[in-house]
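> below is the sequence, then the predicted model.
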Amino acid sequence: MFTHASASKPPIGTTARTGQTCPESGVWKVVGTPTTTAPIAKGNTMPPYKGSAVTWKLTQYA
């Protein structure tokens, strides 16, 4: 039985593509170069970066 609150959260390092629904609120970083970080809330659509579809990686929980 899991009692730790984060047990149901996607792990740090989870990835999501532009256009997908954000699986967890936190700080997300673009995989590749150039890169950036952005706070994205769970349920929002993962945004493009510099006009292109990218893969985002969760680096920190909100």
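Sure, I can see it.
> for the protein, what spans make up the strands?
With strands called from DSSP state E, the chain shows them at 15-17, 26-30, 37-40, 55-61.
> who are the packing partners of the second one?
So the one you mean is strand 26-30. Applying 3 or more C-beta pairs under 8 Å, 6 or more residues apart in numbering; DSSP states H and E, one finds that strand 26-30 contacts strand 37-40, strand 55-61. The way it works is simple: take the backbone N, C-alpha and C, and place the C-beta from them, glycine included.
> the first one too?
If contacts are counted by 3+ C-beta pairs under 8 Å, 6+ apart, strand 15-17 sits against strand 55-61.
> give me the buried stretch members for the strand it packs on, please.
By neighbour count with 16 or more other C-beta atoms under 10 Å, strand 55-61 contains the buried residues T55, W56, K57, L58.
> put together CSV for the residues you listed, with pLDDT and distance to P23 on each row.
Shown next, in CSV, are the buried residues of strand 55-61 (pLDDT from 0 to 100; distance: C-beta to C-beta, whole Å):
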residue, pLDDT, distance to P23
T55, 98, 13
W56, 98, 10
K57, 98, 12
L58, 98, 8
